[in-house]
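S.K.: sequence and predicted structure below; questions after.
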Amino acid sequence: MNSVVLSGRLGQDAESGYTDSGTPYVRFSIAVQRNKEQVDWFPVSYLNASAEKISGWLLKGRMVGVVGSLETFKRKDESTGFSVRAHRVEFLDSKKAESEKESATEEAVPA
């Protein structure tokens, strides 16, 4: 069985595009808190017709849940890497809450 379930925050805005066959995809990395002092980073790719629709919502700092499987691959230097192939992506916060947090932060900073 190869099953991965993660929740974490995006480290940067997602990258989106299309495969050579025309399938929409998004790629992003999430930071998953292991304990108070350690954070693990997981690269995630999501190939699905809905990838195009959600790419604008996958912004740095957003909390997401990912269900998928682990994939390994060979890098150019012959070392082995891994990524999570997402089968489902869920937003665990609201875009409205994030924009409210940003405006509250901007108001709290003295000019």
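M.R.: Ah, there it is. Numbering: from 1, shown residues only.

S.K.: alpha carbons only for contacts and neighbour counts from here, please
M.R.: Will do.

S.K.: can you show me the helices along this structure?
M.R.: 51-54, 95-108 (DSSP state H).

S.K.: now do the longest one, average pLDDT.
M.R.: Same thing as helix 95-108. Averaged across helix 95-108, pLDDT comes to 45.

S.K.: center of this protein - which residue?
M.R.: residue 28 (4.0 Å; CA atoms, centre = their mean).

S.K.: tell me who's in contact with the residue nearest to residue 16 when sequence neighbours are not counted.
M.R.: Distances taken as CA to CA, 6 or more residues apart in numbering place residue 26 nearest to residue 16, at 4.3 Å, with adjacent residues excluded. Listed by CA atoms under 8 Å, 6 or more residues apart in numbering, the contact set of residue 26 reads 14-17, 45-47, 51-52, 55.

S.K.: between the residues you listed, which is nearest residue 63?
M.R.: residue 14 (12.7 Å; CA to CA).

S.K.: next, that closest one: phi, psi?
M.R.: phi -70, psi 150 (degrees, to the nearest 10).
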